[in-house]
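Q: Pasting the sequence and the predicted coordinates here, then a few questions.
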Amino acid sequence: MPRVHTIPIEPLTAEAFAPFGALIDVRDGAPDYVGASGTEGWHVAFESGRPLVSLLRTPYQGLRFRTMERHFHVSQAFIPLGGEHAAVAVAPPSLSQGAPPLEAIRAFLLDGSKGYVLHRGTWHSLDRFPLRPPDTRFVMLTDHETQEDLTAAYAGKRSAALTQEIDLERAHGVVVVLAA
């Protein structure tokens, strides 16, 4: 039977999230552009091949998980719809093929007011976990190549070449629980 490893959910700030990626939010300082009507815009770094935009709906399922993944050649962006609170677990990118160390995994509160972009290679939970029923909805920006690679791997047609998944129960003997 696996041990339970609890990770506290912390506020999502630009400074705290910097090792894993960037926020999609208004930043201090001048905007990157100002439109004729006064609309201000801030650019967000995104590294990809052919962008793919998807809507993700995740039903409430509790705050337990055992699988994390990372993508070697793409950033991924997640933009909330509807403002429901959720949590995401992340760990810094690494060069090793093994699981991220438990002490490196952090969890962030997604309060529906800002999105985030993961750096290439950042470990992340497969879901953004709703804190209460019924669900959360996010727009995901990824690339066609990564999604096609994952779809083929999930169908058993081949191993994912662009993504690495890790089972934390096998690697560390734990199931992770996020603590609100």
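A: Sure, I can see it.

Q: Give the bridge partners for T6, please.
A: Per DSSP bridges, residues listed as beta-bridge partners of T6: V177.

Q: need the contact list for L109.
A: By C-beta atoms under 8 Å, 6 or more residues apart in numbering, the contact set of L109 is 9-12, 85-87, 180. Glycine gets a C-beta too; all of them are placed from N, C-alpha and C.

Q: Apply 6 Å and report the result again.
A: Counting by C-beta atoms under 6 Å, 6 or more residues apart in numbering, L109 touches 9, 11-12, 87.

Q: cool, and Q76?
A: Applying C-beta under 6 Å, 6+ apart to Q76 gives the contacts 118, 142.

Q: For the most centrally placed residue in the chain, give its distance to L95.
A: In the chain, the centroid-proximal residue (C-alpha atoms, centre = their mean) is H124; its distance is 5.0 Å. Distance of H124 to L95, given as C-beta to C-beta, to the nearest Å: 17 Å.

Q: now do A14
A: For A14, the distance to L95 - C-beta to C-beta - is 25 Å.

Q: that older thread, tell me the secondary structure at the residue nearest to the residue nearest to the centre of the chain when sequence neighbours are not counted.
A: With sequence-adjacent residues excluded and distances taken as C-beta to C-beta, 6 or more residues apart in numbering, H124 is closest to V90, at 5.0 Å. When classified by DSSP: H, G, I helix; E, B strand; the rest coil, V90 comes out as strand.

Q: Next, count neighbours for V90.
A: Neighbour count for V90, taken as other C-beta atoms under 10 Å: 24.
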